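# Turn this into a model:
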Amino acid sequence: MKIEFCIESVKGAKAAQKHNAHRIELCSNLDKDGLTPSKDLITQCTWLFSGETHIMVRPREGDFVYNLREITQMKNEITLAKKLNVKGVVFGVLTKDNSVDLKANLSLITHAKQLGLTTTFHRAFDVCKNPFKTLDQLIDLKFDRILSSGQKDKAQEGINLLYELKLRAKNKIEIMAGSGINEHNAHLFNTMVDAIHFTVHKKNKKQENTDYINTKKIEKIKSMINLQ
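Now for the predicted structure:
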């Protein structure tokens, strides 16, 4: 199983390098479930981390229904990612009825693939109405992986659906579990999914804006899972 660190800072990239993460998902504003990181942050993190850097491509907080201007902005962010030595991009576009926006996603994924980038459909998946139909659509669109909590608030609660998705996918797309994965439950995901995704940051209770790395969490999780 692979591990992906969800990070929002240079300290996160250093931790990923130190602990040999397979890849990082780099975001800004994790308190808003992750937005597109800045050019400077991408540059610093790709320089510090020798593994795969994937960046969140999300122009604003809120829902995942984007207009044409926002789609254009996302394409520009994907182009910039390639120039900054990023290996993959993470995005997801839905329609107003919480179905996959086939046209918008195809436009973005075609652009990313032409640049040689891998693609992850993020947790917009977890608000889609029919998970198995959505899975088939994302395979047809040629996404490389899905990040999901199994359509529950926490991945541990959705682990059965995650396993069903993995079985149905038949290795055509990677199923990566995320949300609430920690040193107490990581072992539950062995053989159930292809990868796990978790944040490595914690906040100092006395200084809320100070960034700390949860080293104990990282080390414990790594000891609990079957790493590839």
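
# ok, residue 10 - contacts?
The contact partners of residue 10, by CB atoms under 8 Å, 6 or more residues apart in numbering, come to 41, 44-45, 48. All C-beta atoms are positioned from the backbone trio N, CA, C, and that covers glycine.

# What is the nearest of those to residue 116?
Lowest distance from residue 116 to those (CB to CB) belongs to residue 45, with 19.2 Å.

# how close does the closest one get to residue 27?
11 Å (CB to CB, to the nearest Å).

# Overlap in contacts, the two.
7, 37.

# Between the contacts of residue 10, identify the one with the most neighbours.
Highest neighbour count within these, by other CB atoms under 10 Å: residue 45, with 26 neighbours.

# Which of the helices or strands spans that one?
Per DSSP states H and E, residue 45 falls inside helix 39-48.

# Parallel or antiparallel, list what pairs with the helix or strand following that helix.
Toward the C-terminus, helix 39-48 is succeeded by strand 52-56 as the next helix or strand (DSSP H and E). Using DSSP bridges, strand 52-56 pairs in its sheet with strand 23-26 (parallel), strand 88-91 (parallel).

# Kindly present those strands as JSON lines, with separate columns for distance to residue 100, mean neighbour count and mean pLDDT.
Output for the strands paired with strand 52-56, formatted as JSON lines (distance: least, CB to CB, whole Å; neighbours: other CB atoms under 10 Å; pLDDT from 0 to 100):
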{"stretch": "strand 23-26", "distance to residue 100": "20", "mean neighbour count": "27", "mean pLDDT": "98"}
{"stretch": "strand 88-91", "distance to residue 100": "12", "mean neighbour count": "24", "mean pLDDT": "98"}
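
# Relative to residue 113, which of these is closest?
Among the strands paired with strand 52-56, strand 88-91 sits nearest to residue 113 (CB to CB), with 10.2 Å.

# Strands of this protein, start to end?
Assigned by DSSP state E, the chain shows strands spanning 2-7, 23-26, 52-56, 88-91, 118-121, 145-148, 174-178, 195-199, 201-203, 211-213.

# How many residues are close by residue 35?
Neighbours around residue 35, by other CB under 10 Å: 18.
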